[in-house]
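Visitor: Curious how this folds, go ahead:
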Amino acid sequence: MRPFIDLNNVWYSDETLVYYSRYEIVSACIFQIVIVLLFYFSLINNNYIVPTILLLPTYFLVKKIKQLYIERNVIQLTINSYGIKVKDEQIISWENIENERIIRIGKRKNSRHDFVFYDKSQHKKIQIRTDILNFGCFELLDSAKIHRERYNRRNEII
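Guide: As a prediction, the model looks like this:
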C-alpha cells in the first residue's frame, strides 16, 4: 500500500504559498451588509437604541474588512525545503523547527484548528490560525512533512 504522502512526487510544488481566504473576506462583507440593513430598518422604525449599539461593531468590522482586502494578495505563510517563513519575518530553517502539529482550540462547534511549531532559535511557539487561510490545516501539515523530508534528503547527500 502506498503512503498517503509520496515524498518522491515531483508534481508537488517546490514551495507552498498561503494567502488569506477569499471566503473570509466575502463572509465579513456579507455580515457587514446585514448590520447596515439592521441599522437602516431600525432608523426607519424610529428606534435609535439599536443603531447606537451597532456603531461599535460596524467600526471594527469595517476595519477588519479593510485589512483583509489590503492583505488579500500578501503571502501569509511560505513553506519550502529551506524552512517556514511567516509573513514579513525571516525564514526559519528546518533545523530550528520542531514539533510542527495541528492543535484544536475550543470545543465542538466553537472549535478551530491552528498550525503550531516551535522555533528553537528564538525559543518561542508560533501559532497560525488556519480558518482564515486558503489552505486547510491538514494540508499545511502534509506540506510541512513533505518539505521537511526534502530538506533532510538534501542535507544527507551533501
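Visitor: Helix, strand, or coil at the residue lying farthest from the centre of the chain?
Guide: Using Cα atoms, centre = their mean, the residue of the chain lying farthest from its centre is Asn46. It sits 41.9 Å away. Of the three states, Asn46 takes coil under DSSP: H, G, I helix; E, B strand; the rest coil.
Visitor: please renumber so the chain begins at 897
Guide: Happy to do that; since the first residue is 897 now, the last one works out to Asn942.
Visitor: Spell out, range by range, the strands that occur in the protein.
Guide: With DSSP state E as the criterion, the chain has strands at 911-914, 973-976, 979-982, 988-989, 993-1001, 1008-1015, 1020-1025.
Visitor: Next one: Val932 relative to Tyr955, how far apart?
Guide: Applying Cβ to Cβ, to the nearest Å, the value for Val932 to Tyr955 is 13 Å. (Glycine included, C-beta is placed from N, CA and C.)
Visitor: And the residue farthest from the centre of the chain, its phi and psi?
Guide: phi 60, psi 30 (degrees, to the nearest 10).
Visitor: that older thread, more neighbours: which of Val932 and Tyr955?
Guide: The neighbour comparison of Val932 against Tyr955 (other Cβ atoms under 10 Å) goes to Val932, with 13 against 10.
Visitor: Flag the shaky bits of this structure, pLDDT-wise.
Guide: 897-908, 1053-1054 (pLDDT under 70).
Visitor: For it, which segments count as helices?
Guide: In the chain, the helices defined using DSSP state H lie at 918-940, 945-966, 1033-1053.
Visitor: Which strand residues bridge Ile998?
Guide: For Ile998, the beta-bridge assignment (DSSP bridges) gives partners Phe1011.
Visitor: Make sure it is actually in contact with Cys1033.
Guide: Yes - here Ile998 reaches Cys1033: they are 4.8 Å apart, a contact under Cβ atoms under 8 Å.
Visitor: Next, show the common contact partners of those two.
Guide: Common contacts of Ile998 and Cys1033 (Cβ atoms under 8 Å, 6 or more residues apart in numbering): 1009-1011, 1026.
Visitor: Kindly reformat the residues you listed as JSON lines containing neighbour count and distance to Phe937.
Guide: JSON lines is the format used below for these (neighbours: other Cβ atoms under 10 Å; distance: Cβ to Cβ, whole Å):
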{"residue": "His1009", "neighbour count": "18", "distance to Phe937": "37"}
{"residue": "Asp1010", "neighbour count": "17", "distance to Phe937": "38"}
{"residue": "Phe1011", "neighbour count": "27", "distance to Phe937": "41"}
{"residue": "Thr1026", "neighbour count": "21", "distance to Phe937": "36"}
